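Engineer: Predicted model and sequence follow; I will ask about them next.
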Amino acid sequence: MQTRRRWWHDRVGYEVYIRSFADSDADGVGDLDGLHERLDYLAWLGIDLIWITPCFPSPLADHGYDVADYLQVADELGGMRALERVVERAHDLGIAVLLDLVPNHTSSAHPWFIASRTSRNDPKRDWYIWRDPAPDGGPPNNWLSHFGGPAWTYDAATEQYYCHLFLPEQPDLNWANPDVAAAFEDIIAYWLDRGIDGFRIDVAHALAKHADLPDLPPAPGAGSGETLELVGNFEALHHLYDVNQPEVLDVYRAWRRVADARDGLLLGEVYLTDVNDLAPFVTSQDGLHLAFWFAPLRFDGRDPARLRRWLMEGTGLPPGCLAWITSSHDSPRAASRLGGGQRGRDLALAVAVLQFGLPGLPFLYQGEELALLDVDVPPDAAEDPIAVRAGAYDHSRDRCRTPMPWQAAPGLGFTTAPRAWLPLGDRTAEDTVEVQRSDTHSFLHRYRALVALRHDHPDLSSLEVDVEWQQAQGPVIAYRRGSLIVAANLGPDPVAWDPGQQGRVVFCTDRRREGERVAGPLELAPAAALAIHAG
Ligand code: TEU
């Protein structure tokens, strides 16, 4: 099945974690005017699509993923005018702007929920998921919150529990209620009509719940290491009824009509790592346009065959329906996950090279282009509810969310405030944009060259050019994409690798190799990746 070519298919995306990108007003928190000032940098990097993490008014129980008003912009981030300035400047630079839409839950401070909890008869009551206590007075079922503890909170005023797959301050909307669906269709139209180019959709697989809210059985793979590690026992349950219900696709069918009429992009955070679960969200021509593919985030640098399998699974879907990431504001930074140190950084770039050559929309997470490592955030500076509430410091997302290092200066060029909202960490001068930009051998220049490779070779973003996977040669993952051959050695030792084709190196993680003629086997250093133009 062929996907129709759309404006986003040849773009390169970048996740802006707004609170940590650039602070323009010295309050220690990144904001939209700060982003505005740095858009030229993103254009220089070759980025032509950004996803801005939630910028709506919010009590910040989950740093913006608890939205109190979907039609306004938080004052703390600069308000509506600041967003308009960002969009205008971004468009001048050829950069599309996606907002982060959070439809699974609202903030408990949203007027809908405030009304809903006032009485069982309130017109907004059924906008959320309310149930009577179990016979013993406990929660109505055994569902758990992603952030630890039960997915239910008792509301004494009306003597019922409400459901929340995240914090109690993030009550889940009842997507079986057509009024909820209608409200979101209006929200989507509102922003698209104001020049926003589309949405990243938060927990896009979770909106619909099984009507009977049955108990969840234990997960078949629990304890096998095959599931994504999360807080507490969440992954010990088999999530048959709380996420990935078929009705969720009806939601996107309706949104798709609203979005397509305005040429808007719907990109789902579909956190399902079995490709067969993911497929229905993006293959039906009337579902989401794109979904992030999270399986490769399980690669820890040790078993290249696993990464190869996940990349192949993703490319088994119709071309152009996936977005590729190696990290985000929810996961360890790629360089840390892949072992840290020089090798972790090199591997992160090598994996990015493999992903940038595949059909779909490649994304960088802010700071990835600098090969940043995670920052150790001490418990007394913790912000993430996973750390603060659940005490799960090992899983804290704070360490991948610390401020962007722009300059070797106090505040890292991120802020002039004496203190940033999260620690700056032990960033070195070599970690900063300023230093890396002036050094053509830096990671920043390699990532920029990688983005340029993608833009300069239309075969890589084409929907017609297939991926031809090469037989695995030891730890080398390689494929051909039209006129290009892309390869990476993910092992710890140098490997002799045969591209099976003559050509010229047009990109290499070791920039000194660019331009090299290839005629027969060549040696790939550990964590080296390259692209060869055949001919
Ligand atoms: O994340 C959703 C989500 O599923 C993650 O919590 C994921 O399970 C976890 O990170 C895996 O390690 C989204 C947002 O990206 C996240 O920042 C929010 O906290 C969450 O939704 C709630 O809105």
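Structural biologist: Happy to help now that I have it. Numbering: from 1, shown residues only.

Engineer: Going by proximity to the ligand, name the top residue of the stretch 251-400 of the chain.
Structural biologist: Relative to the ligand, the nearest point of the stretch 251-400 of the chain is Asp330 (3.3 Å; Cβ to the nearest ligand atom). Quick note: C-beta positions are derived from backbone N, CA and C, even for glycine.

Engineer: Dump the helix or strand that contains Leu347 to CSV, restricted to CA.
Structural biologist: With the criterion set as DSSP states H and E, the secondary-structure element containing Leu347 is helix 341-356. Backbone C-alpha positions of helix 341-356 (Å, rounded to 0.1, in the frame of the first residue of the first chain) are rendered in CSV as follows:
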residue,chain,number,x,y,z
GLY,A,341,31.6,7.8,27.4
GLN,A,342,33.1,8.2,24.0
ARG,A,343,31.7,4.8,22.8
GLY,A,344,28.2,5.7,23.9
ARG,A,345,28.4,9.0,22.0
ASP,A,346,29.8,7.3,18.9
LEU,A,347,27.2,4.6,19.0
ALA,A,348,24.4,7.1,19.3
LEU,A,349,25.5,8.9,16.1
ALA,A,350,25.9,5.5,14.4
VAL,A,351,22.3,4.5,15.3
ALA,A,352,21.1,7.9,14.1
VAL,A,353,22.8,7.4,10.8
LEU,A,354,21.0,4.0,10.3
GLN,A,355,17.7,5.6,11.1
PHE,A,356,18.2,8.7,8.9
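
Engineer: if we can go back for a sec, nearest residue to the residue of the stretch 251-400 of the chain closest to the ligand in space, ignoring adjacent ones along the chain?
Structural biologist: Leaving aside its chain neighbours, Asp330 sits nearest to Arg397 (5.6 Å; criterion: Cβ to Cβ, 6 or more residues apart in numbering).

Engineer: ok, the one you found - how many residues close by?
Structural biologist: A count of neighbours around Arg397, defined by other Cβ atoms under 10 Å, yields 20.

Engineer: That one against His329, yeah?
Structural biologist: Yes: at 6.5 Å, Arg397 and His329 qualify as touching, with contact defined as Cβ atoms under 8 Å.

Engineer: Spell out which residues of the stretch 1-150 of the chain are next to the ligand.
Structural biologist: Where proximity means Cβ under 6 Å from any ligand atom, the interface of the stretch 1-150 of the chain facing the ligand comprises Asp62, Tyr65, Val102, His146.

Engineer: Just among those residues, which is most surrounded?
Structural biologist: Ranked by the number of neighbours (other Cβ under 10 Å), those place Val102 first, at 27 neighbours.

Engineer: all helices for the stretch 101-250 of the chain, in order.
Structural biologist: Under the criterion DSSP state H, counting those that start in this stretch, the stretch 101-250 of the chain carries helices at the ranges 111-116, 178-193, 248-260.

Engineer: Could I get the average pLDDT for the first one?
Structural biologist: Spelled out, it's helix 111-116. Average pLDDT, helix 111-116: 98.

Engineer: Give me the buried positions along it.
Structural biologist: Applying a neighbour-count criterion of 16 or more other Cβ atoms under 10 Å, one finds Trp112, Phe113, Ser116 buried in helix 111-116.

Engineer: Output those residues as TSV; include the columns distance to Arg38.
Structural biologist: Listed next are these as TSV, based on distance: Cβ to Cβ, whole Å:
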residue	distance to Arg38
Trp112	34
Phe113	35
Ser116	39
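
Engineer: what residues are up against the residue positioned nearest the centre of the chain?
Structural biologist: The chain has Ser328 as the residue nearest its centroid, 4.8 Å off, counting by Cα atoms, centre = their mean. With contacts taken as Cβ atoms under 8 Å, 6 or more residues apart in numbering, Ser328 has the following neighbours: Glu15, Tyr365, Cys400.

Engineer: so which of the residues you listed is the most crowded?
Structural biologist: Ranked by neighbour count (other Cβ under 10 Å), those have Cys400 at the top, with 28 neighbours.

Engineer: Phi first, then psi, for it.
Structural biologist: The phi and psi values for Cys400, taken as degrees, to the nearest 10, are phi -100, psi 0.

Engineer: residue contacts, the residue nearest to it when sequence neighbours are not counted?
Structural biologist: With Cβ to Cβ, 6+ apart as the criterion, Cys400 has its nearest non-adjacent residue at 4.9 Å, and that residue is Arg333. The neighbours of Arg333, taking Cβ under 8 Å, 6+ apart as the test, are Ser327, Ala348, Tyr365, Gly367, Glu368, Leu372, Leu373, Asp374, Arg399, Cys400.

Engineer: same deal with Gln436?
Structural biologist: Applying Cβ under 8 Å, 6+ apart, we find Gln436 in contact with Leu370, Glu430, Ser442, Phe443, Leu444, His445.

Engineer: Which two of those residues have the greatest separation?
Structural biologist: Farthest pair in these (Cβ to Cβ) is Glu430 and His445. Separation: 12.9 Å.

Engineer: who has more neighbours, these two?
Structural biologist: His445 (17 against 14).

Engineer: For that one, which residues are in contact?
Structural biologist: Applying Cβ under 8 Å, 6+ apart to His445 gives the contacts Gln436, Arg437, Asp439, Arg511.

Engineer: among the residues you listed, which ones are buried?
Structural biologist: With neighbours counted by 16+ other Cβ under 10 Å, the contacts of His445 contain buried members at Gln436, Arg437.

Engineer: okay if I get the contacts of His445 as JSON lines plus distance to Leu463?
Structural biologist: JSON lines is the format used below for these (distance: Cβ to Cβ, whole Å):
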{"residue": "Gln436", "distance to Leu463": "34"}
{"residue": "Arg437", "distance to Leu463": "34"}
{"residue": "Asp439", "distance to Leu463": "37"}
{"residue": "Arg511", "distance to Leu463": "30"}
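
Engineer: could the contacts of His445 be laid out in CSV, adding secondary structure, pLDDT and distance to the ligand?
Structural biologist: Rendered in CSV, the data for those read as follows (DSSP: H, G, I helix; E, B strand; the rest coil; pLDDT from 0 to 100; distance: Cβ to the nearest ligand atom, whole Å):
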residue, secondary structure, pLDDT, distance to the ligand
Gln436, helix, 98, 27
Arg437, helix, 98, 29
Asp439, coil, 98, 33
Arg511, helix, 96, 34
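
Engineer: Direction included, what does the helix or strand containing Asp100 pair against?
Structural biologist: Per DSSP H and E: Asp100 is located in strand 96-101. Each strand that pairs with strand 96-101, with its direction, by DSSP bridges: strand 49-52 (parallel), strand 198-201 (parallel).

Engineer: Burial check on the residue lying closest to Ala408 once chain neighbours are set aside, number of neighbours?
Structural biologist: Taking Cβ to Cβ, 6+ apart, and ignoring the residues beside it in sequence, Ala408 has Ala429 as its nearest neighbour in space, at 3.8 Å. Ala429 sits with 12 neighbouring residues when counted by other Cβ under 10 Å.

Engineer: One more: Asp75?
Structural biologist: In terms of burial, Asp75 registers 11 neighbours under the definition other Cβ under 10 Å.

Engineer: So Glu468, which state does it fall into?
Structural biologist: The three-state label for Glu468, taken from DSSP: H, G, I helix; E, B strand; the rest coil, comes out as strand.

Engineer: The nearest residue to it once chain neighbours are set aside in helix, strand or coil?
Structural biologist: Closest residue to Glu468 in three dimensions, ignoring its sequence neighbours and counting by Cβ to Cβ, 6+ apart: Arg480, at 4.3 Å. At Arg480, secondary structure determined by three-state DSSP is strand.

Engineer: Correct me if wrong: the residue of the stretch 251-400 of the chain closest to the ligand contacts Arg399.
Structural biologist: No: counting by Cβ under 8 Å, no contact exists between Asp330 and Arg399, whose distance comes to 11.6 Å.

Engineer: Compare these two (neighbour count), which wins?
Structural biologist: Arg399 (21 against 18).

Engineer: Could you measure from that one over to Ser20?
Structural biologist: Using Cβ to Cβ, to the nearest Å, one gets 11 Å for the distance from Arg399 to Ser20.

Engineer: All the helices of the stretch 301-450 of the chain, residue numbers only.
Structural biologist: Using DSSP H, counting those that start in this stretch, the helices of the stretch 301-450 of the chain run over 304-315, 334-337, 341-356, 385-388, 433-437, 443-456.
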